[in-house]
Each structure stands twice: as C-alpha cells, then as structure tokens.
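Enquirer: Sharing a model that was predicted from the sequence below.
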Amino acid sequence: MSNRIYNVLFHTHTVSGLVISVALFVIFFAGSISFFRDDIINWEREQPIKENSQMDIDFNLALDSIENQHHLYGRDVTIRQIHQERRVMVSATPGKDSTATESALSRIFFYLDPATQQQYSYFEDFTLGEFMYRLHFFAQIPYPYGYLLSGFVAFFFLFAIVTGVIVHWKKIISNFYVFRPWAKLKTVWTDAHTALGLIGLPFQFIYAVTGAVLIIGSTVMLGPVTSLLYDGNSDKMFKDLSTDVAPFPFTNKPQNYELDINKMVLKAEQNWAGVYASQVVLQNYGDANMHVVVDVKPESDKKFAGLGQMAFKASTGEVVFERDPYTETSYIAGAQDFLIKLHYGNFGGYPLKIIYFIFGIITCFIILSGVLIWVEARDKKSNTPFKRKANQWVSAIFLAISLSMYPVTAFTFSVVKLFKDVNDPQPHLLIYKAFFISWLILTIIFSIKKDNYFTNKYSLLSGSILGFLVPVTNGVISSNWIWKTFNEQQLQIFVVDAFWLSTSIISLLIFLKLKPKGKLEQAKVKKAKAEYAI
Amino acid sequence: MEHSAYIIIVLPFGNNLIKMPANKKHLDPSFHQRFAKITAGFIGGFMITITLFLVPAILTDPVIVLFTLKFAGFIVWGTLMIIPFLFKNGWKAWGIYLLAIILLSSLLLLIKIQSPELYSGL
C-alpha cells in the first residue's frame, strides 16, 4: 500500500468515525442494555416467567376473550410472542368482507395478558425495556428519519471498520501487544483503540451488517428494486419475500366454529422433535375457508435457523400444508432467522448475553477512544489556539453526552420503579421525561465544566450510586429483594438487580482507581526515565 | 523492578508506531475531488450494487437473489465506497462507475426486450 493511499484511507476512517461517533455510541450503549430488554420488562411488571415458556398460552380462552371485544369475521388474526414476557402480541388485518362496517375495516393491534385476558394498546404496554430497545434505533425521532439515521450510522460504521482494518493491516499483529499506559495520553487511547478494535472486530462487523440490514434493508436496499422489477408494486415484492404460508382464498360464507386451537398447536409442536410454536395465524376468521397456520422454530441447539409450518383446515381439522423445519426451511426463512439471531444474541442463554453485553461496552470504549485520539492528535502547538479550543469543546461535549448516559439510565430505572403507575395509559411520557431531561441537564453541566477527567470520574460515581439504588428501590417498592428473587428463582427480576449491582461495583472500583491524569503521567514518565537512565 | 519490564515492552516498537493523524500532504484538499469521490462511492456504488444483483435476480431465482441483496448488498456497497478513494482523480472513479452502471443497466434492458417473460413472471 502506497503512502498516499494509506494516508487517504486513514483520513476516511477518521472522518467517517467522527461523523457517526455520538450516534453510534448511543446505539451501542442502549443496544447493549437492550440485550436484557425482556428481563427489564418482567422486572418492571414484577412478572417473572419460566425460561422457554414462549407461546405457552391457552389459545382457546384467549380467542374467546378477543372475539368478545373485536369483530373478527374475515380478518387474518395473528398471535405472536417475539419476546420472553407474559403478554402476547395480537394483530389482525382489515376484514376482507367488503360489506363490513368501517370499524371492521381497520387494523387491530394490542397486547394480551393471557393470565388476566386484559388487553393493552401499544402505549399502555410501554415499558423501560421497550424504551431502551427503541432508543437504540432512534425510534423516538419521527419515522422514517430515526430509522434512516440509525441505519446509515450502521452502514458508515461498516465503512469505518473496513477502512480501519486496511489502515491497521500491516501492524495488526505487532501493535496488538503494544500497551503504553504511562506514555503520552494519546498513545493510551491509540493502543486501547487498536487492541480492543481487533478483539471486537468480528462482533462489530456482525453488528454493522445485521444492524443496517434489519433497519434499512427493506427500505433502502430493496426500495429501488420495487420500481425496477415490480413496477412499484411493493406489496407484491414483500409477498414474494415473505415466509408466511400462502394465503387461502376468502369465500365470504360465515360459519360457526367450535375450534380447539390448543390441540392444533400441540400437534404441530409434537410433529417434530425440539421445536416450539412461534406464531399462530387464523386466516379468514369465521369463514367457510378458515385455516389455522402454526409456525414452529427449532431450538437453537437443534438447528440454528429454521422455520416449520403446519396449516389446518378449520372446518375439518385436516392438515393441508406441512413444512419440515429441519429439512425444508427455505433460504429466506433461514437467512432471516440467522440475521435476527446474530443481532439479538438470543441463542445462548445468559452467558452469551453477558459476553455480547461486554463486547457492546467495549465497542462504546473504542468509539470514545477514537474521538479522544482525534482530539489529542490535534492538540499541538502548530495548531491555532482557536482550533485547539474548538477541538477541546468537541471532545468535552462528546464525552458529556456519551458518559452521562450511564447515570441517566440507572436513574430512569429507579424512577420507573418508584413512579410508574400500572394504570397509566401513557407511561412513555414519564420515561421520556425522566430519561431525556436528566440526560440534557447532565450533558449541559459536564459540557460547561469542560473537564474530561471530571466528566469521566463523576459519571462513573453517579452511575455507580444510582445503580446501587436500583435493586434497593426494587426491594423497597416490591419487596422483591435480590436474595428473595434468587431463592425463588424469579430469574428475570434477579438478572436486572444483579446487573445493576455488578456494574455498580465495577464502576465504583474504577472510580476509586482513577487518578488525575496530569500528576499520574508526570510521575510515571519521570520514574520511567530515571529507570532508563540507570 | 517493574518499570524495567515496561521499558522492555515498549522499546522494540519505538519506531514502529502508528502515526496519527493522517499526513496532510497526501490528502487532496480540493472540494470537487472530495465531492467526486464521496458521491461516486455513495451514489454510484449504490447503483452498481443494485444493478449487479438485479441481473442474476432476473436470470435465476429472484426471491433468493433479492434476499441476498438485502444483506450482502451492504458489504458490496461498502467496498464500492472505499474504492474511489484509491484513485488520484475522483472523476476518473466516477467515469468507471458510470461505465459499469450503463453496462449493467443496458444488460437489464436487453433482457427485458429479448425475453420479457422473465419480467412478467415476477
């Protein structure tokens, strides 16, 4: 590689990394916490569930209660549970009966608690876990801008990773072993950036690609394909790319059913070894041509990505369609499942989630150190004082936004536990206020203080203290003290409390080890020089 | 004693460190060159990616190729965004990219004229 190309690519790495830095930090920080999204939800609602009890509900009872409140005739009704929580998602297409009333022509979406048969709208169901999850793809910014922003940040992250590897390629082995914590501050960040970047490289590559695919794959990548291949008919394309069983025609002949859906789900689940139901679709509800389609997925250790399907004709109960998850999984169903599993990290239980979480935080550190290298490298006498000052402002604001996320998140956990009312129809307002206002205030304070050492130290300390308060608040409010949830195996509640306890201990230890950089640096350099002289 | 270990670790690499930031004398500061390279990669690269996948999509199984485009497309596009920076003249990169786009889209058009049944099958 010529000197010119090396420097040019280096520059593209710097610029692309800097442009996305803040957004990427927010994505990785919120995303890392979202690995525990379902645990946070169950912690917040005090509804621990058994592991692997997804879709373990009484479908007959649930449908009875849904039918009591909604006109279902002619709709396709879908019951899914994509997360490990108690409530299931119920959605329905508009009725296909053209003479139906207006209310029957609108879509239906709500969450159903199978234990109480209570229905919740999307906002009534809103939780802190959902908030952190949606923050990690900027869903709070109006659609489609938030999605597009996060998607392009992921794509430029891919660009930054590849250019970073190219630039670093020649010294990738030797520099891995270099760590000079007592030399200049810049070299500390450089060594950390390159060593951790190499360790985290596969993880980051996976996240850059899957992240971009999941959020802008259909809109940006397949957008032009719609007009070029499908004459702008995007419904047709997405039908082609769908993994659902082909729709059965609607005949508009109402019929009364005494259906036992539980039996059909059980039959599908027992048809193959080691599978669980992931989705139940009732096509043409209440029609003579009504069908029940059960999707099953193999457990991750049986087959990493797979989709099995079984369709029953409702009037006779006979199986009219069958797809074996082990031998007949289609390419798109497999690829889709593969991408989602890689991104969600939900195929190895808690050990994998913890490893993924650590890698996520490592990535946050790489982003921080990257920006700090940039600042330190430009803090030279050859630069004008104005430029040096401006750079310091940039780094101060960047660190303030990034690091204050830690105490702010811990704070919001306690706020939700203390003040969230289960009957509040708009709980997202409380969460938004607690999170965004405290984030803004802390960012302003740290930015004005303009002392990176101070920002780092007090983010860690306040985050640690507020983190300790999370399990305490939970114990006081719900009397689910951490030892009690541990003894009673209320796993998800325990996981969230243990998470805050361990991160608080670690950050407190780091806080106690921190020493003002100036003094430390001088002392170490002096000592090293003295030793070298001898 | 511990500090002598530190010296042993550091000294062998003393002249082998990454130099930061990028050396400015190798960067072309002119706006139109940067503009050319960035747009060639971002817009041109995207158009090449799409047309590159559309040709096999029409000729073989569209569903499989389109889904592959959905994820592999980002890797191809990312690579095509880097290549223009290897050129000294960004407009030359644009020229080559434009040629590739014209070539691939005329191929698509040719298929459409020669065997329209491949399109109507979608």
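Expert: Looks like it arrived, so ask away. Numbers count the residues shown, from 1 in each chain, chains lettered A, B, ... in the order given.
Enquirer: how much space is there between the residue positioned nearest the centre of chain B and chain A?
Expert: With distances taken as C-alpha atoms, centre = their mean, chain B has B:Leu80 as the residue nearest its mean C-alpha position (0.8 Å). Per C-beta to the nearest C-beta, to the nearest Å, B:Leu80 is found 10 Å from chain A. All C-beta atoms are positioned from the backbone trio N, CA, C, and that covers glycine.
Enquirer: Just give the nearest non-adjacent residue to that residue, would you?
Expert: Sequence neighbours aside, B:Gly45 is the residue nearest to B:Leu80 in space, at 3.2 Å (criterion: C-beta to C-beta, 6 or more residues apart in numbering or on different chains).
Enquirer: who's in contact with the one you found?
Expert: Residues in contact with B:Gly45 (C-beta atoms under 8 Å, 6 or more residues apart in numbering or on different chains) are B:77, B:80-81, B:83-84, B:97.
Enquirer: let's see it at 10 Å
Expert: Applying C-beta atoms under 10 Å, 6 or more residues apart in numbering or on different chains to B:Gly45 gives the contacts B:39, B:76-84, B:93, B:97, B:100-101.
Enquirer: From those residues, which land in helices?
Expert: B:39, B:76-82, B:93, B:97, B:100-101 (DSSP state H).
Enquirer: Adding pLDDT, write these out as a markdown table.
Expert: Shown next, in a markdown table, are these (pLDDT from 0 to 100):
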| residue | pLDDT |
| --- | --- |
| B:Thr39 | 95 |
| B:Val76 | 97 |
| B:Trp77 | 97 |
| B:Gly78 | 97 |
| B:Thr79 | 96 |
| B:Leu80 | 97 |
| B:Met81 | 96 |
| B:Ile82 | 95 |
| B:Ala93 | 95 |
| B:Tyr97 | 97 |
| B:Ala100 | 97 |
| B:Ile101 | 96 |
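Enquirer: These, buried ones only, as a ChimeraX selection?
Expert: Applying 16 or more other C-beta atoms under 10 Å in any protein chain shown to the ones in helices among the contacts of B:Gly45 leaves a buried subset, and the ChimeraX line that selects it is:
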select /B:39,76,77,78,80,81,82,93,97,100,101
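Enquirer: What is the nearest of the ones in helices among the contacts of B:Gly45 to A:Ala410?
Expert: B:Gly78 (35.8 Å; C-beta to C-beta).
Enquirer: still on that earlier bit, what is the nearest of the ones in helices among the contacts of B:Gly45 to A:Phe29?
Expert: Ranked by distance to A:Phe29 (C-beta to C-beta), those are led by B:Gly78 at 23.7 Å.
Enquirer: separation between the residue nearest to the centre of chain B and A:Tyr145?
Expert: Look at B:Leu80 and A:Tyr145: by C-beta to C-beta, to the nearest Å, they are 25 Å apart.
Enquirer: number of nearby residues for the nearest residue to B:Ile101 once chain neighbours are set aside?
Expert: Closest residue to B:Ile101 apart from its sequence neighbours, by C-beta to C-beta, 6+ apart: B:Met47 at 4.9 Å. If you count neighbours by other C-beta atoms under 10 Å in any protein chain shown, B:Met47 ends up with 18.
Enquirer: Now the helix or strand where B:Met47 lies: average pLDDT?
Expert: Assigned by DSSP states H and E, B:Met47 belongs to helix B:45-59. What helix B:45-59 shows for mean pLDDT is 94.
Enquirer: What is the distance between it and the centre of its chain?
Expert: Offset of helix B:45-59 from its chain centre (C-alpha atoms, centre = their mean, to the nearest Å): 14 Å.
Enquirer: Can you give me the buried ones in that helix?
Expert: B:45-54, B:57-58.
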